Every structure is written in C-alpha cells, then in structure tokens.
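Novice: Below: sequence and its predicted model.
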Amino acid sequence: MKDQERDTFFVGYLDMPAALRRFYTPLTILLFGVSGLIGFGIASMQSSTGAASWQTESSETLSGLLMVDPYPVLHRLDPANPDQVESILLVNQGKFSAEAYARPYHNRMVSVTGFPITRGGWTMLEVTAADSIFEDQSGKSAADVEIEKNVTAKSLGVVTLNGEIADSKCFLGVMKPGEGSVHKACAEVCLIGGIPSMLVVRDGDGRKYGYILTLPDGSSASTALSGRAADKVGVTGELMQKGDLIYIKISPDGLRG
Amino acid sequence: MSHQFVPVNWNRRKRIYDLCVWVGIVAYIVIFVSVTNVRFQGEASITPVIVLMRAFATCGFLMLTIILCIGPLARIDKRFLPLLYNRRHFGVSFFLVALIHAGLAIFWYHSFGPINPIVSVVTSGGDYQSLSGFPFQLFGLLALLVFFVMAATSHDYWNAVLGSSWKSLHVMVYPGYMLLVLHVGFGAMQEDYTGILPGMLYASVILVGGLHLYSALFASKAQITLETLENWVRVGNWQDIENDHAITVSVGDDERVAIFRYDHNKLCAVSNVCQHQNGPLGEGRVIDGCITCPWHGYQYRPEDGCSPPPFTEKIETYQLKLEDNVVFLNPDPLPAGTSRPVTEIR
C-alpha cells in the first residue's frame, strides 16, 4: 500500500505518516504543557508547614540540669533572658527516646552535645551517642541553684483542649510537615520508640501550640498513645509547668474522640 | 514480531516514545521541586524527601490517568493508536515512578524506628475497624503489588507463555487504579485544604470513566447486526468494505470476525483477535499483502491467517461466499492457520 493511502494508519516499524506527524507535534507540546501546569499548580498550592529547623550539619553543646521526668529534658538558664529557665527536650537518633542515655544522669548537672531541632520557642536536642552526655564536675554554681528552683512542677489547673496527637520530634522540625494523617504511621513508630508525645493545638489564627502529654501517674504517654497518633482528640487533664515546658497530665478517661 | 525475545524490544518509534515519557517525568519532577523550593524557603521549607515523595506521587497518578485514557481514545479516534503502540513501556515507567514514591515513603515514614519498615507499612497508620480511618498505606501497597505483577509480566515472553490469561492479568490495571484512588482519597486528600488534590482525583476518575463509557457506546454503534440464512450469515454489500480495510461483525457472544477487502477484488474473513495482545485486527489495514494489526503491527496472510515466515502466529479463518454482490459468512471458525479459497469479486 502506498504511503499516501495509509493516511493515518500507524505501524511502529514503518515511517510515521505525515498526517500523524502533524497531529502529534502539537499534541506532545500540549501534553507536556498541561502536565507541567498540573505540577506547577499542585506544588504552588501546598500548605505551609510553618517555620522550623533541624540543624544536621553542626552540633551544639548545652549545659544544665538533666531530668528524666518522664521524658529526658535539659533545663538551663535562658541565654536571652537569664531570669528564666529554658527547657530542652532530648531525643535519640531516628525514632527512639534518649532515655537510655539520659537516665544515669537524672537530676545532675551535665553538658549535652547534639543537633538542635527548633520550632517557635521550642528547642529539642538530638543526642547521637551515650558519650554525648557527660557530667559537669565543677560543682553546683549559683545558676544551677536558680535552675533547680524553677523546675519544680507547678499545677496550672484542669483544662480540656482539642488538638492532634503528634510525636514531638517530627512536629518540632525533623519532618515538615510532621503532623497530619499522611504522617500518622511515622508518628506511631516514633511514639512506640518513646519520642515524647504531644498535643498540637491550633488557635483561630492557625498558630500552633504544643503540650507534652503524660499518663495520669505522670509517666510517659508515648507508647499508650501510639495507636492514636495523628488522631484529632479532646484531652482533659491537669496542666503542669516544669521549666518552660507545659504538660498535660491526662485524667483517667480524659481522652475523647 | 515473535521470532526472538530480547530484554527490551526497542525500535526508533519506541525510543522516541520512551524519550518523551522520561523527558516528561524529569520535567514534571524538576518543575514540582523547583516551585516548592521557591515558594517555601529557609525555615519554612518542606523536607526535601517529602517534596520528592509528593512529586513522584502526583507524577505517577497523572501518568496512570493518561495510560488509562489511551485505550478508549484509540477506539474513538484512530489517530491515538500510536500512543497505544508502546503503552507497555509507559506502564513500566509508571511503575518505576510509583516504586520510587513507595521507596521514599517507606524510607522516611516507616524506617529508623523500633518496627521493621515493611511490618510498619502493614500494621501501623490506621484503624482497620473504621472506614474513615482505614490505613491508606495498605491501598498503596496493594496497588504497587498489582502494578509490579503487571510490569514484571509485560514482556512479550510472558504474553506468549500466559496466552489468553495474559490479557485477564493485565485488566488488573483497573483494580490497581481503584486502589490508587482509595490510597489518595484516604491519605493525602484528607490533609488537602486547598481542594487541588480532590480536584485532581475527581477529574481523573471522571475522565477515565467517561472515556471508557463513551468508547463502549461508540463501539456498540459500530456493531453490524447479522441476518442468518441457513448456515451462512448475511454481512452486506462488498462495496461497503473499503479496499485494504475491514469491517467487523459479531457472530457469537464473544466472537468477532474481521472481513477484509484487498487487491481491490479479493475478500477474506479472519478472527478479529490478534495473537500478540488481542489487538482488533478489523481496525487494521492490509499492508504489503498482509493483514496488519493496528496495535503493534503484527501481520497475517489473508489466505491462511498465518504470519509470514519466520514468524509463527496463526489466527482462525472463516469461509465467505458472494451472491449478487452480497457477502455471506460461515460463522463456524476454521482451525487457526487453515487455508481456504480466496473469494474473488468478478
């Protein structure tokens, strides 16, 4: 059959008919254009995760009072405001708690080396090895006494708050976004690994507030809440402050939703 | 055609096709990542692995939507047949894109913890008792398994080994697509407050479903109703068949016959089903004296339904007779590759 008779009939191992070439040139450009526009549209309409960072290139060494109560926290005087205590959650690498590293130093003055994770006024330190924590041998200073005075737990009353159960490490900046149903499985694994559990509450303007969660006896709620990761819940419990961290000690039957 | 199997069956057309597909994939990923990085900078940046995960996810979904539109488009307008010609390479490319997305998700969300990542994919992230909380990862994993089986058996070798089961196996693309729709619907769509992901999902379902429905109606209109006279069925006037073309008639519940006119004055009837991938031979042409499948160019001789040497495919043939310019068909098929007298128009 002659080529002109083949009009638009395509056979892969023969030359493409001219009519088909004329059809495919604009079609290919159109397909590329539409696909590019879809990619552009979806990418540009993603939601913001807010400002947060995970500093993985250079570590920092911070000194203060280490407490495991129930989660490992380093309390120190805030360098920007020495009248106040800054409380820094400690976590391990990956999706694990730093409790095993921190427990031997409970209630002692230590220096801790790790990678800072920050969101808003929060700072977390990712500790990578047991020898990243070492005891300060210089004795108790006036500053240390000031810290100890400020880390006593204070009750702020019973509250009910609605929010999402998250793992604090991802939420504070390791993953952006580190919340929501797509992140649910990750949060679940993190909580099983002992990362401090957190209730993330949004106000009417979309600002987010984090509250560390504990069980009614004050112990870690992470494993118990792992099955509820990323769930939207209402939490009733006693609001507690230790250093500058705010906790909710969940009341028995204090979890709804 | 079938005389040898090579790992990847490429020719110039397929190379151009594959090049377009992969240029498209790379361009899409680059656009997605660049736009994200320009829009969200510094401390507001989205985690790079998550950006890539989203880029490959949306790219894969777009690819599958296009792949599923090719079949009905080719039935509605023959100019789309070249897209169908190398659709299997498009499908394998889609699987690789989906695999990268799945690999990133398993690496980032399920690894580095106290649970085996694969166990975590199956056991975590949802409530099996709740419809709204059903874990979307499971839908994605099942879809990936379906697409893996399809990609792994996409080669002509498996087509030849599995025979008619191959087509049934590859119809699994539709359950795979539905699983993917559920994966997006129960997953990323739940977190999308902009409306763009639901919009993309609904547009895809409407486009794929609408095109399939329309092409089914389009095909049913093209059916020819046959009048049976004794053991022969009346097909129609031979002048209604364009030279080197065919008309297709149904003679049973699932049986279709292609009746070709070639060399201007010769008629032959063969099965409408190509032995390669069940392509519709009746939509093909006679090229260089052979019936040529519109999908991949497989060829058969009109006189006996055999592929020309060295190829070995055979299709069933049928007997025709001509009375007063009217073509009659014997609906009982002859064994594949059976020669019968050529019906000549005098």
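Specialist: Thanks, I have it.

Novice: What residues sit buried inside stretch B:123-141?
Specialist: Buried residues in stretch B:123-141, counted by 16 or more other Cβ atoms under 10 Å in any protein chain shown: B:123-126, B:133-141. Quick note: C-beta positions are derived from backbone N, CA and C, even for glycine.

Novice: what's the answer for stretch A:84-102, then?
Specialist: Residues of stretch A:84-102 classed as buried: A:85-92, A:94-99, A:101-102 (neighbour count, 16+ other Cβ under 10 Å).

Novice: can you pull the buried residues of the lengthiest helix in chain A?
Specialist: Assignment by DSSP state H gives helix A:18-44 as the longest helix of chain A. Residues of helix A:18-44 classed as buried: A:Leu20, A:Phe23, A:Tyr24, A:Ser35, A:Gly36, A:Ile38, A:Gly39, A:Gly41, A:Ile42, A:Ala43 (neighbour count, 16+ other Cβ under 10 Å).

Novice: got it, and stretch A:140-156?
Specialist: The neighbour-count check on stretch A:140-156 (16+ other Cβ under 10 Å) flags A:Asp144, A:Ile147, A:Glu148, A:Asn150, A:Val151 as buried.

Novice: Columns pLDDT on top of those, output as TSV?
Specialist: Output for these, formatted as TSV (pLDDT from 0 to 100):
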residue	pLDDT
A:Asp144	79
A:Ile147	84
A:Glu148	83
A:Asn150	81
A:Val151	86
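
Novice: Go through the residues you listed and flag which are in helices.
Specialist: Counting by DSSP H, the part of the buried residues of stretch A:140-156 found in helices is A:Asp144, A:Ile147, A:Glu148, A:Asn150.

Novice: A:Asp78 - how many residues pack around it?
Specialist: Applying other Cβ atoms under 10 Å in any protein chain shown, we find 14 residues neighbouring A:Asp78.

Novice: distance of the closest residue to it other than its chain neighbours from A:Trp54?
Specialist: Closest residue in space to A:Asp78, ignoring its immediate chain neighbours: A:Glu86 at 4.1 Å, by Cβ to Cβ, 6 or more residues apart in numbering or on different chains. Applying Cβ to Cβ, to the nearest Å, the value for A:Glu86 to A:Trp54 is 18 Å.

Novice: ok, now B:Val21?
Specialist: To A:Trp54, B:Val21 is 36 Å away according to Cβ to Cβ.

Novice: A:Thr160 now?
Specialist: Distance of A:Thr160 to A:Trp54, given as Cβ to Cβ: 32 Å.

Novice: Between these two, which is the more surrounded one?
Specialist: A:Trp54 (21 against 12).

Novice: For the more buried one, list each beta-bridge partner.
Specialist: In this structure, A:Trp54 has the following beta-bridge partners (DSSP bridges): A:Ile117.

Novice: Isn't it up against A:Cys170?
Specialist: No: applying Cβ atoms under 8 Å, one finds A:Trp54 not in contact with A:Cys170, separated by 9.7 Å.

Novice: Would you mind checking the average pLDDT for stretch B:42-50?
Specialist: Mean per-residue pLDDT for stretch B:42-50: 95.

Novice: Stretch B:161-169 now?
Specialist: Across stretch B:161-169, pLDDT averages out at 83.

Novice: what does stretch B:198-214 give?
Specialist: Stretch B:198-214 shows a mean pLDDT of 96.

Novice: tally of neighbours for B:Phe147?
Specialist: The number of residues near B:Phe147, taken as other Cβ under 10 Å, comes to 26.

Novice: For it, identify the helix or strand it belongs to.
Specialist: Per DSSP states H and E: B:Phe147 is located in helix B:136-152.

Novice: Would you tell me what the next helix or strand after that helix is?
Specialist: Immediately after helix B:136-152, counting by DSSP H and E, sits helix B:156-162.
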